[in-house]
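**Q** kindly return the folded structure for what I paste below:
(one chain, ligands or ions: 2)
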Amino acid sequence: MIVYKGKGVYGAVAIGRVSVFKRQAAAVRRTVIEDTAAELARIETAKQKAVEQLTAIYEKALKEVGEANAEIFEIHIMMLDDEDYNDSIKSIIETQKVNAEYAVAVTSDNFADMFAAMDDAYMQARSADVKDISNRLIACLSGGGSGGGLSDDKAIICADDLAPSETVSLDKDKVLAFVTAYGSSNSHTAILARNMNIAAVIGAGSEFLEGIRDGDMMIVDGHTGEIFVDPDEETMARLEAKQAEDIRKKQLLQELKGKENVTLDGRSVKIYANIGGVGGIGAVLANDAGGIGLFRSEFLYLESEDYPTEEQQFAAYKKVLESMAGKKVIIRTLDIGADKQIGYFGLDKEENPALGFRAIRICLTRPGIFKTQLRALFRASAFGNLGIMFPMITSVPEVEKCLEMCAEVKRELTGEGIAFNENTEIGIMIETPAAAVISDKLAPMVDFFSVGTNDLTQYTLACDRQNAKLEAFVDTHHEAVLRLIEMSAKNAHENGAWIGICGELAADLTLTETFLRMGIDELSVSAPFVLPLREKVRSIDLSK
Ligand code: PEP
Ligand code: MG
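**A** Ligands and ions are numbered 1, 2, ... in the order given. Model (predicted):
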């Protein structure tokens, strides 16, 4: 038996035979050509074919892994149209008089190297995307298909790395697990694997790839990141038992549907879910969440090619509120900037985007955009139980300005005879240390707080949340972060506000009891974490 270790990105156990992922990347030859115009025409035809394939992959991803995760394939379609990328291909064909495949391959290498050399982790990750779209383009030029081949039997897919499009294109019914030699836990592939509910381990190392063959017997433990090749009897029995336990737990979780989120000593807590768009509602309902604790409304803007109109936004918010049938829906106003950039906003490039012009700072500077969103939100409030929440708050005047804008919008709607819910709850995110420290001043101004632990951790520990190199320095249980949350909870309650947590930490079951003891009223998590969190809450006894 040989044991390899990587990083588990989805906690499940898979047992089966290896299928080494075979890419159809044909070796690209350099051929001198006469007719450059014909070569340029071939590129155009191949691009059309690539867009068709990517559109089909996008549709598949939309169904299997949701809108926010499918978005990468829209980005791929846009990248195929990138001016610099296309100019480079054209210029290589024309100046060197070479075949299209070769021009794409050279452009791909140059652009991938350029992205890989950038400081920004997000831009570095784009290197894999350029290679992915270029390989597709080359395959289309050579009349090839769109990805790697799989055998007919269910298997554990092992690869050097999987591009997002390759991950989604795999037939889920034939995949027992994924193991890759490289890749980071923040990569789109890891996120997709998590959403596909398939055991997955990444970063198993180059020896892993050299050591395995098609047909090898393998066990993948996505909980620990361990991979066992040719497992001995004892390991097989132990992991089979672990797998059976996983399945039993999943079934047990189903029995928790419809049950209350109440501790053994009778304290109840609200468990809500986070969504990025209207497409997330299905998972929220399937996992029996009590409401939506965070609707990241910026995805409406990210999916659009221009500012979404009041009508478009109203239709989306109304749909979510109606589908949730009276359950609480907290919609966060636009939070772009930093890692979420949108071309049509025309924002300047910044030295420190996470500390820059983002979220509420943009809304307060561009009141037209803010007002359009607030009008759509208040109009939608007549169709359900809406809460409106403002991101990235750091001061009292910011909240005052938000409230003034709400009052102005309400006055306008009243004047126009348009219905809205006068009692719509207004809240703010506590995601900067400043907001937590002055939470005694902010709480009397609003109905609720929601702690964004992702940003609160980034700003408190001075660790860029996008930078994979800092993983070792980020203590997600850091006392400073926990104290800020506790302080905010105390100040909320002393001033008549309620408090929830909607950052990733809300799903950390090792902290559930700590949060309940702080008096947190609501936890909002990704939909698959709702039932495990309910199970955890029901096992806690706060009287002890
Ligand atoms: C957070 O910062 O914790 C949060 C929930 O917001 P986002 O992850 O969208 O920045
Ligand atoms: Mg945030």
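**Q** which non-adjacent residue is nearest residue 172?
**A** residue 196 (6.4 Å; CB to CB, 6 or more residues apart in numbering). From N, CA and C alone the C-beta is placed, and that goes for glycine too.
**Q** my guess is the one you found contacts residue 65. True?
**A** Yes - between residue 196 and residue 65 there is a contact under CB atoms under 8 Å: 6.1 Å.
**Q** quick one: contacts of stretch 76-88?
**A** Residues outside stretch 76-88 that contact it (CB atoms under 8 Å, 6 or more residues apart in numbering): 47, 50-51, 54-55, 58, 103, 107, 110-111, 129-130, 132-133, 137, 164-165.
**Q** quick one, which of those are buried?
**A** 47, 50-51, 54, 58, 103, 107, 111, 129-130, 132-133, 137, 164-165 (16 or more other CB atoms under 10 Å).
**Q** skipping adjacent residues, who's closest to whatever residue of the stretch 151-300 of the chain ends up closest to ligand 1 in space?
**A** Proximity of the stretch 151-300 of the chain to ligand 1 (CB to the nearest ligand atom) peaks at residue 296, 5.2 Å away. Leaving aside its chain neighbours, residue 296 sits nearest to residue 276 (4.9 Å; criterion: CB to CB, 6+ apart).
**Q** shouldn't the one you found be in contact with residue 70?
**A** No - look at residue 276 against residue 70 with CB under 8 Å: they stay out of range, at 10.4 Å.
**Q** more neighbours: which of the two?
**A** Under the criterion of other CB atoms under 10 Å, the comparison of residue 276 against residue 70 puts residue 70 first, with 23 against 20.
**Q** which residues of the stretch 351-500 of the chain fall in strands?
**A** For the stretch 351-500 of the chain, applying DSSP state E, counting those that start in this stretch gives strands covering 385-390, 425-430, 448-451, 498-501.
**Q** what pLDDT, on average, does the last one get?
**A** In this case it means strand 498-501. Here strand 498-501 scores 98 as its mean pLDDT.
**Q** ok, now the second one?
**A** Model confidence over strand 425-430 averages 98 on the pLDDT scale.
**Q** nearest residue to residue 396 other than its sequence neighbours?
**A** residue 441 (5.5 Å).
**Q** and the one you found, how many neighbours?
**A** Per other CB under 10 Å, the neighbour tally for residue 441 reads 14.
**Q** what do you get for residue 471?
**A** Around residue 471 there are 12 residues (other CB under 10 Å).
**Q** burial count for residue 8?
**A** Counted with other CB under 10 Å, residue 8 comes out at 20.
**Q** one more: residue 531?
**A** Quick note: residue 531 (other CB under 10 Å) scores 22 neighbours.
**Q** likewise residue 21?
**A** Residues near residue 21, counting by other CB under 10 Å, number 21.
**Q** cool, residue 127 as well?
**A** By other CB under 10 Å, the residues close to residue 127 number 18.
**Q** that one contacts residue 112, doesn't it?
**A** Yes - checked against CB under 8 Å, the pair residue 127 and residue 112 is within contact range at 4.5 Å.
**Q** one step back: and the residue nearest to residue 396, what's its pLDDT?
**A** 98.
**Q** how about residue 67?
**A** 75.
**Q** over to residue 205?
**A** pLDDT, the model's per-residue confidence, is 88 for residue 205.
**Q** check residue 149 too.
**A** Looking at residue 149, its pLDDT stands at 46.
**Q** so what's the residue nearest to residue 178 when sequence neighbours are not counted up against?
**A** Nearest residue to residue 178 in three dimensions, chain neighbours excluded: residue 200, at 4.5 Å (CB to CB, 6+ apart). Residues near residue 200 by CB under 8 Å, 6+ apart: 8-10, 177-179, 190, 193-194, 220, 222.
**Q** the residue lying closest to residue 512 once chain neighbours are set aside is in what secondary structure piece?
**A** Among residues not flanking residue 512 along the chain, residue 536 sits closest, at 4.8 Å (CB to CB, 6+ apart). For residue 536, the host element (DSSP states H and E) is helix 530-539.
**Q** can you list the buried residues in that helix?
**A** Of the residues in helix 530-539, 530-537 count as buried by neighbour count, 16+ other CB under 10 Å.
**Q** and it, what does it pack against?
**A** Packing contacts for helix 530-539, counted by 3 or more CB pairs under 8 Å, 6 or more residues apart in numbering; DSSP states H and E, involve helix 233-255, strand 270-275, helix 512-518.
**Q** min pLDDT across the buried ones among the contacts of stretch 76-88, which one?
**A** Lowest pLDDT within the buried ones among the contacts of stretch 76-88 is found at residue 164 (67).
**Q** show me where the stretch 101-250 of the chain has its strands.
**A** Using DSSP E, counting those that start in this stretch, the strands of the stretch 101-250 of the chain run over 155-159, 175-180, 199-202, 217-221, 226-229.
**Q** okay, these in JSON lines with mean pLDDT and distance to residue 236 next?
**A** Putting those into JSON lines (pLDDT from 0 to 100; distance: least, CB to CB, whole Å) gives the following:
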{"stretch": "strand 155-159", "mean pLDDT": "92", "distance to residue 236": "14"}
{"stretch": "strand 175-180", "mean pLDDT": "91", "distance to residue 236": "15"}
{"stretch": "strand 199-202", "mean pLDDT": "90", "distance to residue 236": "16"}
{"stretch": "strand 217-221", "mean pLDDT": "96", "distance to residue 236": "7"}
{"stretch": "strand 226-229", "mean pLDDT": "96", "distance to residue 236": "8"}
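**Q** and residue 455, how far is that from ligand 2?
**A** Residue 455 is 4 Å from ligand 2, where distance means CB to the ion, to the nearest Å.
**Q** per-domain residue ranges of this protein.
**A** Annotated domains of the chain cover 2-23+148-238, 36-141, 269-538 [automatic domain parsing].
**Q** distance of the residue nearest to residue 396 from residue 399?
**A** Separation of residue 441 from residue 399 (CB to CB, to the nearest Å) stands at 9 Å.
**Q** hang on, residue 242 packs against residue 14?
**A** No - Residue 242 is beyond contact range of residue 14, at 10.9 Å (criterion: CB under 8 Å).
**Q** the more surrounded of these two?
**A** Higher neighbour count among residue 242 and residue 14: residue 14, with 25 against 15, using other CB under 10 Å.
**Q** what sits closest to residue 291 if chain neighbours are left out?
**A** Distances taken as CB to CB, 6+ apart put residue 328 closest to residue 291, at 3.5 Å, once the chain neighbours are dropped.
**Q** which residues does that neighbour contact?
**A** Going by CB under 8 Å, 6+ apart, residue 328 touches 270, 272, 290-293, 385, 387.
**Q** okay, it: pLDDT?
**A** We note a pLDDT of 97 for residue 328 in this prediction.
**Q** relative to residue 129, how far out is it?
**A** In this structure, residue 328 and residue 129 are 37 Å apart, going by CB to CB.
**Q** and for residue 439?
**A** Applying CB to CB to residue 439 and residue 129 gives a distance of 40 Å.
**Q** got it, and residue 253?
**A** The gap separating residue 253 from residue 129 is 35 Å, by CB to CB.
**Q** enumerate the residues of the stretch 351-500 of the chain near ligand 1.
**A** With CB under 6 Å from any ligand atom as the criterion, the stretch 351-500 of the chain meets ligand 1 at residues 431, 452-455.
**Q** among those, name the buried ones.
**A** Buried residues within those, counting neighbours by 16+ other CB under 10 Å: 431, 452-453, 455.
**Q** and for residue 461, the neighbour number?
**A** For residue 461, using other CB under 10 Å, the count is 18.
**Q** again but with residue 463, I slipped
**A** If you count neighbours by other CB under 10 Å, residue 463 ends up with 18.
**Q** again with residue 59
**A** By other CB under 10 Å, the residues close to residue 59 number 12.
**Q** and it, which of the three is it?
**A** For residue 59, the assignment made with DSSP: H, G, I helix; E, B strand; the rest coil gives helix.
**Q** show me which residues of the protein are close to ligand 1?
**A** Those residues of the chain that sit near ligand 1, judged by CB under 6 Å from any ligand atom, are 294, 296, 335, 431, 452-455, 502-503.
**Q** from those residues, which is closest to residue 31?
**A** Lowest distance from residue 31 to the residues of the chain next to ligand 1 (CB to CB) belongs to residue 296, with 48.3 Å.
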